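**Student:** Let's see this in three dimensions:
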Amino acid sequence: MDRLRAFEVFVAVVGKGGFAKAADALNTSPANVTRYVAELEAHLGTRLLNRTSRRLSLTEAGQTLFDRGRLILDEVAELEALAGAAAVKPRGRLRINAPVSFGIRHMAPLWPRFMALHPDVWLDIALIDRVVDIVEEGYDMAIRISRAGSQSHVARRLAVSRNLVCASPSYIARYGQPESPEDLAANHRCILYSHAVAPDEWSLTDEAGREQLVRVQEVMSSNNGDTARMAALDGIGIIRQPTFLVGDDLRAGRLVPLLPGYRSPDIDILALYPSRRHLSAKVRVMVDFLAEAFQGTPPWDRGL
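**Tutor:** Purely as a prediction, here's the structure:
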């Protein structure tokens, strides 16, 4: 007896609610379906199904086998998909969503190299800062900057970016540097990123690992990190932004890191796609390409 086939037949009988419907789904005869189920019961030495003229019901053993059997078949299907994907040449349109600033600064320079490696893949890049619904809006994958990951999609971490509180020398000359989180909250002007979950609450952790949530005073807010960055460069206020955005300014001295005894939570650069099952070759090679491009110390953190 082909046990894997028998499991497949049994799961189909239960899932479809009958022998005839399972036979249609599996493109075989009802007699074959009946034979497989009977052989499986004989092999296991227990009844799996209670049959009447009108309906089927599962025994306790049948329920256990059905629940576990579905998982086993899903794993087998995933393995087959992965093996098959390895043999499929990436081709076709690949729709990617990415945040505006990160997409321009750190992804756009990579596209020529990717297209040279995979000339049959046509890139369709949409830079949008809001969180998109990948499935509803028709994207193959998305790049997300997040501390929370994703509950509804597969997420692969590509890189990490530090998150720094900083200001321009002109701001510091006018208002001074905050000496503590309390000083930051009480006496300083801050530029907020409005897409954050709580834009005016900044988490700061000291060297002993103690976290403080600081409610800062807003002088300006924006839904775009580069807009906040430009305002900070002009001395309008203090920002808390990822190093992928402000790394060059910090290295050049245009911005100065503040509160050196405190650290903000790092943020993840994630590749999101709907499912591991039946992952297309074009998505697979793109995720692998980006992971390789950002491996090790990412360019935005070098020298900081």
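
**Student:** Report the contact partners of residue 57.
**Tutor:** Counting by CB atoms under 8 Å, 6 or more residues apart in numbering, residue 57 touches 49-50. Heads up, the C-betas are built off the backbone N, CA and C, glycines and all.

**Student:** oh, and call the first residue 35 from now on, that's how I've got it
**Tutor:** OK, 35 is where the count begins now, so the last one is residue 91.

**Student:** what about it, distance to residue 48?
**Tutor:** Going from residue 91 to residue 48 by CB to CB, to the nearest Å gives 10 Å.

**Student:** Find residues that contact each of those two.
**Tutor:** With CB under 8 Å, 6+ apart as the test, residue 91 and residue 48 both reach residue 83.

**Student:** Would you double-check that residue 200 falls in a strand?
**Tutor:** Yes: looking at residue 200 with DSSP: H, G, I helix; E, B strand; the rest coil, it is inside a strand.

**Student:** wait, isn't it in contact with residue 290?
**Tutor:** Yes: using CB atoms under 8 Å, residue 200 makes contact with residue 290 at a distance of 6.0 Å.

**Student:** for the nearest residue to residue 215 once chain neighbours are set aside, what are its contacts?
**Tutor:** Of all residues not flanking residue 215 in the chain, residue 248 sits nearest, at 4.6 Å (CB to CB, 6 or more residues apart in numbering). Residue 248 makes contact with 215-216, 218-219, 235-238 under the criterion CB under 8 Å, 6+ apart.

**Student:** tell me which element residue 248 falls in.
**Tutor:** Element membership of residue 248 [criterion: DSSP states H and E] is strand 245-249.

**Student:** so what does whatever helix or strand comes next after that strand touch, helix or strand wise?
**Tutor:** Next along the chain after strand 245-249, taking DSSP H and E as the criterion, comes strand 251-256. Packing partners of strand 251-256 (3 or more CB pairs under 8 Å, 6 or more residues apart in numbering; DSSP states H and E): strand 223-227, helix 259-267.

**Student:** for those, which one ends up most surrounded?
**Tutor:** strand 223-227 (a mean of 22; mean count of other CB atoms under 10 Å).

**Student:** which residues touch that one?
**Tutor:** Residues from elsewhere that reach strand 223-227 (CB under 8 Å, 6+ apart): 209, 218, 233-234, 236, 250-257, 259, 262, 265-266, 270-275.

**Student:** quick one: residue 251 and residue 212 touch, right?
**Tutor:** No: Residue 251 is not in contact with residue 212 according to CB under 8 Å; the separation is 11.3 Å.

**Student:** Show the contacting residues for residue 40.
**Tutor:** 70-71, 73-74, 77.

**Student:** can you tell me which of the contacts of residue 248 lies nearest to residue 175?
**Tutor:** Distance ranking of the contacts of residue 248 against residue 175, using CB to CB, places residue 237 first at 28.8 Å.

**Student:** just to revisit the earlier point, how far away is the residue nearest to residue 215 from residue 130?
**Tutor:** Distance from residue 248 to residue 130, counting by CB to CB: 35 Å.

**Student:** now residue 107
**Tutor:** For residue 107, the distance to residue 130 equals 31 Å [CB to CB].

**Student:** picking up where we left off before, now for residue 251 and residue 212: what residues contact both?
**Tutor:** In contact with both residue 251 and residue 212: residue 222, using CB under 8 Å, 6+ apart.

**Student:** and the two? which has more neighbours close in?
**Tutor:** Comparing residue 251 with residue 212 by neighbour count (other CB atoms under 10 Å), the higher total belongs to residue 212, at 23 against 15.

**Student:** Surely the more buried one and residue 221 touch.
**Tutor:** Yes: counting by CB under 8 Å, residue 212 touches residue 221, with 7.0 Å between them.

**Student:** quick one, domains of the chain?
**Tutor:** 37-121, 126-195+302-335, 197-299 (automatic domain parsing).

**Student:** rewinding a little: are any of the contacts of strand 223-227 buried, and which?
**Tutor:** For the contacts of strand 223-227, a burial check counting by 16 or more other CB atoms under 10 Å picks out 218, 233, 236, 250, 255-256, 259, 262, 265-266, 270-275.

**Student:** Sounds good, over and out.
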